[in-house]
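*Asks:* Quick one: sequence and predicted model below, then my questions.
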Amino acid sequence: MEFKITPQILLKAYACGIFPMAETADSPDLFWIDPERRGILPLDSFHIPKRLARTVRADKFIVRASRNFKAVISHCATTNAERKETWINAEIRKLYTELFAMGYCHTIEVFNTSDELVGGLYGVSLGGAFFGESMFSLERDASKVALVHLYGRLLYGNYRLLDAQFVTEHLEQFGATEVPKEQYGKLLENALMVHGDFNALPQETSGKLLLQIIEDMRPTPPKNKNGLL
């Protein structure tokens, strides 16, 4: 009997620390990923480069949340010169579209001044954990602005974990780091005990207000056993 992945099974998988991928966009099958080391973006040490902060504060883009999921995942699944292959196949699109309809999948959408969608990301929200899945950018800094707005939204919504799955060069500039599976499991367990509200932050919050929220709500990094940061 063929095993069929449903949105409910997908949510249980995330709660156990695993997630699905496809080999290629044309592949009909999915497989489960359970990394020995997991990429995360620590909420207490998320780094915003100064130039990017100026871009966010200047509101060069209009940023909205969870308005057009299908457009975001379509852009994330599009290949280009920098991304020659994609793991987002038809089954991934179907499952995450269903999760979006159920309220468990969210987007950050970045529009230019002509109201064209030029960047964004999507991911899964469960308890106080947000699992980032994919992002795209058609204009300089668009995906970076999306990530900063995601960070502010997660802080405001009382989240505890921002899962990046894998550390990339793009994410390293924001402070992405790897943690062993066992440590990730503890972080996930603690995050799932909390209720995160992705929609707590009002739509189209200005960049200036967002950066102020981040400054006011950023958690204090934990001290090591010697009492030093």
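*Replies:* It's in.
*Asks:* Backbone dihedrals for the spatially most central residue of the chain, please?
*Replies:* The chain has Gly132 as the residue nearest its centroid, 2.8 Å off, counting by Cα atoms, centre = their mean. Main-chain dihedrals, Gly132, degrees, to the nearest 10: phi -70, psi 130.
*Asks:* Dig out what the nearest residue to it once chain neighbours are set aside forms beta bridges with.
*Replies:* Leaving aside its sequence neighbours, Gly132 sits nearest to Gly123 (Cβ to Cβ, 6 or more residues apart in numbering; 4.3 Å). For the C-beta atoms, the positions are set from N, CA and C on the backbone; glycine is no exception. Beta bridges link Gly123 to His106, Gly132 when assigned by DSSP bridges.
*Asks:* number of nearby residues for Gly123?
*Replies:* 24 (other Cβ atoms under 10 Å).
*Asks:* picking that back up, what pLDDT does the residue nearest to the centre of the chain get?
*Replies:* At Gly132, the model reports a pLDDT of 96.
*Asks:* is it true that it touches Ala164?
*Replies:* Yes: if you go by Cβ atoms under 8 Å, Gly132 and Ala164 touch, sitting 5.4 Å apart.
*Asks:* shared neighbours of the two, anything?
*Replies:* Leu41 (Cβ atoms under 8 Å, 6 or more residues apart in numbering).
*Asks:* I'd like to know which elements the lengthiest helix in the chain is packed against.
*Replies:* In the chain, assigned by DSSP state H, the helix with the most residues is helix 142-156. Helices and strands touching helix 142-156, by 3 or more Cβ pairs under 8 Å, 6 or more residues apart in numbering; DSSP states H and E, are helix 50-57, strand 62-65, strand 105-111, strand 117-126, strand 129-137, strand 161-165, helix 207-217.
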